[in-house]
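1. Pasted the sequence and its predicted model underneath.
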Amino acid sequence: METIRYLSIYLSIYLSIYLSIYLDLPPHSVSLMTIYTFTESNRNKSHPEMPCDPAFENAGKEIGLEIWRIEKLKVVLQDKNTSSFYTGDSYIILSTKKNPKTDKISWDVHFWLGLETSQDEQGVAAYKTVELDDHLGGAPVQYREVQEHESQLFLSYFRKGITYLEGGMESGFRKVEKQKYVKRLLQVKGRRNVRVKQVKCSYTSLNTGDVFILDCGETIYVWNGPKSRGTEKMKGMEVAKRIRDEERFGKAVISIIDTQWDSDANFYRELGDKGEIASADEGGNDDEFEKSEQKVLKLYSVCDAKGELEITEVGTRPLKREMLDSDDCFILDTGPSGIYVWIGKNCTDNERKTGWSKAMEFIKKSGYPEWTPVTRLADQGETPLFKQFFQGWTDAHVGPKARAYNIGSIAQTNRAMFDAKILHKQKAFSEEEQLPDDGSGGLSIWRIYDKDMHVVKSEEFGTFYSSACYIVLYACSGTGGDGTHIIYYWQGKHGSKDDIAASAMFAQMVDENEVSGKAVQIRVTQGQEPEHFLRIFQGKLIVLKYIPHFHANTYTLAHSVSLTHTYILARSLSTPYTHPQYLSIYLSIYLSIYLSIYLSIYILYLLLVTCLKP
């Protein structure tokens, strides 16, 4: 058995390396498959499932809505097509969705409380919601809904609106009112610590100094005030993208409104009204706003390590992802705009079950309205609005690709824009006299692809893709630099029109966000790189053309430019990687493959000899 086990390990190593090459995974991402030997002792160590209400036995298996009502303190399944709720009752609503891009299933659980529901029914609804969450592996995001203060997500389930019915289980029922679908307007405001909060859905909430997101479900409008900051525009685009990818599974369209901020007909029609927009001064000072918000935003831990639940303040802004410990639960207080309960994946059952009650106690103690929104989130199941309160929150998983931005226009700026083609024509002075410095200054690079901007790692500097655009922030050095900054926005020949258009906007945002708007911005097109741009990369720039295909080996080295010459290299399925940066890595991988094959054959031979011995 040991021989077979080792044989399996060697074969898995070979298979991992083989797949890494033919699926074109980066060399540093090649990992060995882990072989688990399952024994009876292993199986007995599995965690026992918590008891689940029989009403939840088949919950979450079908796409769509499932609704339960609390009847005489018991959970009773209702018609999934119902949109009527009794003011004297409590309900549990489960939304099951499937991401068409990844086939991944996700759940949202809401417990809805009527204005006249009893305390007992409220408690049962909250407790059973946690029970349903456990039944689904702790993956759902949980929401507390109060009649007439429902979240936009909850209302989106009922396209024709919801109906409130008076009474409850043992009362007379009569139809009273039908609620219309309510849109969501989010304000993006701040200088350094930009944050997002929900405001009244009306033109009276707008001002020319901030960015606003109008979430209409299938369309998400990003309204950029003419005097809004680049950091606010960048944050608005980021939040809109996350809402699209994580809440709408990539099906929503993002429409950016910039120069037509006061005349876009679709935006104001969806907003419902139009009038005089408040000035930036009337919208409030960003620094004062940050100070006031910083006083409100606090993170608390809920721990029962000593057998008794304790709530302890962890910190205030700036909050970081590392503050959330998977062994505990946390309460994030963002003021009357909402409370978040974060459940660590390794927390105790007591902490998980009492998260809601502690949040309600916290709301009462803080003097917030009873209908203050409360959102319960699982570890690694955080929503975009939760993540935006934490500085530099990044996800290991990149969301699914989605529909394109509808970029109406690019922000206007009074700053002078340069075209690199002009630099090629300037021959009046010597080359050295024209260059800002020797190219040895500080460097930061971002890649723009599919309307997203990603940081480029330092080891990838000098390798560009012609299907993307790049933002290169350079800090001049030496006596000629005078501490100035240059932003090159490089546009690949095969880049999409949206990416090329967005590169100018991203350059503007990086300028204001990184160097307070003091950089010189220079447009660079592929094949027309100026002398100084090449010196930044020590005289050589490698440009790869990426051709999307099922197979891995689809990179083509389009051209490589240096200070003195241009040459062409290519790579096919049968030739090794020609870039020196990867040559040694790929040779070592190929040698590992041959060695693995040899060892596998040798072990198989030993196994056969052992089995055939008399």
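-> Okay, I see it.
2. Confirm Tyr602 sits in a strand?
-> No - applying DSSP: H, G, I helix; E, B strand; the rest coil, one finds Tyr602 to be helix, outside a strand.
3. Determine the three-state secondary structure at Trp342.
-> Going by three-state DSSP: Trp342 is strand.
4. So it versus Val141, what's the distance?
-> Between Trp342 and Val141 the computed distance is 11 Å (CB to CB, to the nearest Å). No exception for glycine: its C-beta is placed from N, CA and C like everyone else's.
5. now swap in Lys74 and tell me
-> From Lys74 across to Val141, the span is 25 Å (CB to CB).
6. Low-confidence stretches in the stretch 251-400 of the chain?
-> Scanning the stretch 251-400 of the chain for pLDDT under 70 picks out 290-295, 304-309, 336-337, 353, 369-371, 394-400.
7. Now do the helices in it.
-> Remark: helices assigned in the stretch 251-400 of the chain by DSSP state H, counting those that start in this stretch are 265-271, 286-296, 349-353, 355-366, 384-387.
8. Now the terminal residues of stretch 526-541, how far apart.
-> Taking CA to CA, to the nearest Å, stretch 526-541 runs 11 Å from one end to the other.
9. counting contacts, what elements does the helix or strand Glu514 falls within pack onto?
-> Taking DSSP states H and E as the criterion, Glu514 maps to helix 497-515. In terms of contacts (3 or more CB pairs under 8 Å, 6 or more residues apart in numbering; DSSP states H and E), helix 497-515 is packed against helix 230-242, strand 406-407, strand 442-449, strand 469-475, strand 485-491, strand 520-525.
10. Let's have these in CSV, adding distance to Glu276 and mean pLDDT.
-> Putting the helices and strands packed on helix 497-515 into CSV (distance: least, CB to CB, whole Å; pLDDT from 0 to 100) gives the following:
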stretch, distance to Glu276, mean pLDDT
helix 230-242, 21, 83
strand 406-407, 26, 36
strand 442-449, 36, 90
strand 469-475, 36, 92
strand 485-491, 36, 89
strand 520-525, 33, 83
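11. Need the ones you listed in CSV (columns: mean neighbour count).
-> CSV is the format used below for these (neighbours: other CB atoms under 10 Å):
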stretch, mean neighbour count
helix 230-242, 23
strand 406-407, 18
strand 442-449, 18
strand 469-475, 23
strand 485-491, 23
strand 520-525, 20
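12. What separation do you get for Gly60 and Glu310?
-> Going from Gly60 to Glu310 by CB to CB gives 33 Å.
13. between those two, who's got more neighbours?
-> Remark: of Gly60 and Glu310, Gly60 carries more neighbours, 20 against 11, as counted by other CB atoms under 10 Å.
14. give the contact list for Glu512.
-> Neighbour list for Glu512: 229-231 [criterion: CB atoms under 8 Å, 6 or more residues apart in numbering].
15. Low-confidence stretches in the stretch 1-150 of the chain?
-> Counting by pLDDT under 70, the stretch 1-150 of the chain shows low-confidence ranges at 1-51.
16. And the helices in it?
-> 2-22, 40-44, 119-135.
17. Select, out of the helices of the stretch 251-400 of the chain, the one closest to Gln508.
-> Minimum separation from Gln508 across these (CB to CB) falls at helix 286-296, 17.6 Å.
18. how far away is the closest residue in space to Asp262 that isn't next to it in sequence from Val253?
-> Leaving aside its chain neighbours, Asp262 sits nearest to Ile277 (6.5 Å; criterion: CB to CB, 6 or more residues apart in numbering). With distances taken as CB to CB, Ile277 is found 24 Å from Val253.
19. repeat for Val543
-> As judged by CB to CB, Val543 and Val253 stand 32 Å apart.
20. And these two? Which one has more around it.
-> Counted by other CB under 10 Å, Val543 and Val253 do not tie: Val543 has more neighbours, with 21 against 16.
21. Which secondary structure element is home to the more buried one?
-> Going by DSSP H and E, Val543 is in strand 540-546.
22. partner strands of that strand, parallel or antiparallel?
-> Strand 540-546 sits in its sheet next to strand 463-465 (parallel), strand 555-562 (antiparallel), going by DSSP bridges.
23. Compare the ones you listed and say which comes out lowest on pLDDT.
-> Of all the strands paired with strand 540-546, strand 555-562 carries the lowest average pLDDT, namely a mean of 38.
24. Contacts only, for Glu270.
-> Glu270 is in contact with 183, 214, 216, 219, 221, counting by CB under 8 Å, 6+ apart.
25. swap that for Trp223, please
-> Trp223 makes contact with 206, 211-214, 257, 261, 264, 267, according to CB under 8 Å, 6+ apart.
26. So which of the residues you listed is the closest to Asn81?
-> Comparing those against Asn81 with CB to CB picks out Leu214 as the nearest, at 29.1 Å.
27. before we move on, which element is that closest one in?
-> Using DSSP H and E, Leu214 sits within strand 211-215.
28. got the angle between that strand and helix 230-242?
-> Put simply, strand 211-215 runs at 10 degrees to helix 230-242, going by axes from the mean of the first three to the mean of the last three CA atoms, to 10 degrees.
29. Find the nearest non-adjacent residue to Tyr474, please.
-> For Tyr474, the spatially nearest residue (CB to CB, 6+ apart) is Ile486, at 4.7 Å.
30. wait, that neighbour sits on Cys476?
-> Yes - contact criterion CB atoms under 8 Å: Ile486 and Cys476 qualify, at 6.7 Å.
31. what's the overlap in contacts for the two?
-> Contact criterion CB under 8 Å, 6+ apart; residues shared by Ile486 and Cys476: Pro436.
32. What about Lys365, how many residues nearby?
-> That count, for Lys365 with other CB under 10 Å as the rule, works out to 9.
33. How much space separates it from Ser357?
-> Going from Lys365 to Ser357 by CB to CB gives 12 Å.
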